[in-house]
Every structure is written in structure tokens, then in C-alpha cells.
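Visitor: this is the structure alone, sequence omitted:
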């Protein structure tokens, strides 16, 4: 009995995790299925677009700016050991566009948006506003989930693109002010070594990360427990789940795009 108790506990955790994966998958499928069925709530979509996209721009911009600068310093310090300081512009551009821009942008949006969505929808559930929507013949998933998921899927790639530019600019400013690079040569190396596929892969990652962030916020908000503790637990779970899924999806997408 003492030997089987730990195994039983592990088994319960595994079954609970698998059940959660199944529930989230079904929730995602239901969300996508509502995309092609009316009615459509344009005002909710536009409001979510502003909240997720425009209002997330400052935090994404500041994050990528300092990351680009720090990346330039790190690459210069490492490259100087092999007399390869000239690779700084190209590596900063490729690193920002392929990896750091999408991942950092996704994580910043997850911290800001997933928590906000989960808290908002969780509070609506606690105060029985979702029940009121059902009473008024309004489908909660079409009114609450679909606009936010669609807005995040469209807005995050734009944020990633802007963040890439700002991050490369951060590396450029550090390169010409601290590392002694010629401004024209720095920009030329950046453009010459950056390919269209690098940019497209980062934007595709941004769309996937935006979908994950909004989906996790809506799912945990809809399944929030009662009371303030339930809403707080849903908010925490949404951010943690979105962050982990972003990192996992980043690896899978990188494997798909660049394994060849």
C-alpha cells in the first residue's frame, strides 16, 4: 500500500493534466468553429484590438529596445574573442526577428493581456453577468471569447513586427554609440543578412502566440471559481499556462521552420 500510494498520486496528476489538455483543445475547436457563424460583434472585436494591440505597444517596445541593446553588447563581447566583431549587426537582426522579438513580445502580452482577460471574464462569471448574456440569447463564446482571440491573433504579429524594428534599432544605437560601428555599414549588414523568411517566420510565431494568450485568458476566465480567490487563481493560471505554451510552441515552430 505504501508503495502504490505515490504511484497513484502521480497517476491522478497525469490524468488531470491530460483532461485539461483535452478541455482546452475542445475549447479552441469550439472557438474556431464560431468564427464562421453569425452573429459577429464588431464593437467587441475593435475594443479588444485596441486593448490588446495598441495599449500593449509601450511595454513591448521598451522590452525589445533594451533587449536589442543588450544583445549587441553580448554578441560584441563574445565575437571579440574570435575577432568576429563584424557579425554584431547581422546576428542582432536575425536573433531579434527569429526568436527574441516573437518570444519576448508574446510573453509581455501574456503578462498583460492573459491576466486582464481572465480577471475580466472571471469577474463577469462571479457576478453572474455571463448568465445574463445567456438569458439575453447571447452566446458567451461568440461575445466574449471569439473577439478577443481573433483580435490577439491579428494584433500580436503587428506588435512583433514593431518590436523587431525597435529591437534592431536598440542594437543599432548601442553599436554606433558604444561599440564604434559606422552607421551606414551597420545598416547595410543588417539588411544584407536578413531574409524575408526570417521576418515571416517571426510573424507566424506572433500569430500563434497571440492565439494562445487570448485562448488561455478566456478559458481560465470562463472556468473561474467563485469569489475573489477563484478569480485570482484563474488569473494566475492563465498567465502561467500562456507563458509555458508560448515557449513550447516556439520550440515546435522553430523546429518546423529551421530544422532543414
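Guide: Perfect, thanks for sending it. Being a predicted model, the structure only gives us computed values, none of them experimental.

Visitor: from now on I want contacts and neighbour counts done on CA atoms only, so please keep to that.
Guide: OK.

Visitor: tell me the pLDDT at residue 77?
Guide: The model reports residue 77 with a pLDDT of 87.

Visitor: for it, which non-adjacent residue is closest in space?
Guide: In this structure, residue 77 finds its nearest non-sequential neighbour in residue 85, 8.0 Å apart by CA to CA, 6 or more residues apart in numbering.

Visitor: I figured residue 75 was touching residue 88, is that so?
Guide: Yes. With contact defined as CA atoms under 8 Å, residue 75 and residue 88 form a contacting pair (5.9 Å).

Visitor: coming back round to it: can you pull the contacts of the residue nearest to residue 77?
Guide: 75-77, 79 (CA atoms under 8 Å, 6 or more residues apart in numbering).

Visitor: dump the residues you listed to TSV, plus neighbour count and distance to residue 243.
Guide: Output for these, formatted as TSV (neighbours: other CA atoms under 10 Å; distance: CA to CA, whole Å):
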residue	neighbour count	distance to residue 243
75	18	26
76	21	30
77	15	30
79	15	31
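
Visitor: packing partners for the host helix or strand of residue 234?
Guide: Here residue 234 sits within helix 227-258, counting by DSSP states H and E. Helices and strands touching helix 227-258, by 3 or more CA pairs under 8 Å, 6 or more residues apart in numbering; DSSP states H and E, are helix 101-109, helix 115-126, helix 196-222.

Visitor: if you count neighbours, what's buried in that helix?
Guide: 230-243, 245-247, 249-250, 253-254 (16 or more other CA atoms under 10 Å).

Visitor: same check, this time on stretch 114-127
Guide: 114-126.

Visitor: so for that stretch, mean pLDDT?
Guide: The model assigns stretch 114-127 a mean pLDDT of 91.

Visitor: ok now that stretch, how far from the chain's centre?
Guide: Computed by CA atoms, centre = their mean, to the nearest Å, the chain-centroid distance of stretch 114-127 equals 19 Å.

Visitor: who's in contact with that stretch?
Guide: Outside stretch 114-127, the residues within contact range by CA under 8 Å, 6+ apart are 130-131, 144, 213-214, 216-227, 230-232, 234-236, 238-239, 242.

Visitor: and for stretch 193-206?
Guide: Contacts of stretch 193-206 (CA under 8 Å, 6+ apart): 90, 93-94, 97-99, 101-103, 105-106, 153, 156-158, 160-161, 250, 253, 257.

Visitor: can we see that at 6 Å?
Guide: 90, 97-98, 102, 156-157 (CA atoms under 6 Å, 6 or more residues apart in numbering).

Visitor: and the furthest pair within those?
Guide: Taking CA to CA as the measure, the contacts of stretch 193-206 span a maximum distance of 24.2 Å, between 90 and 156.
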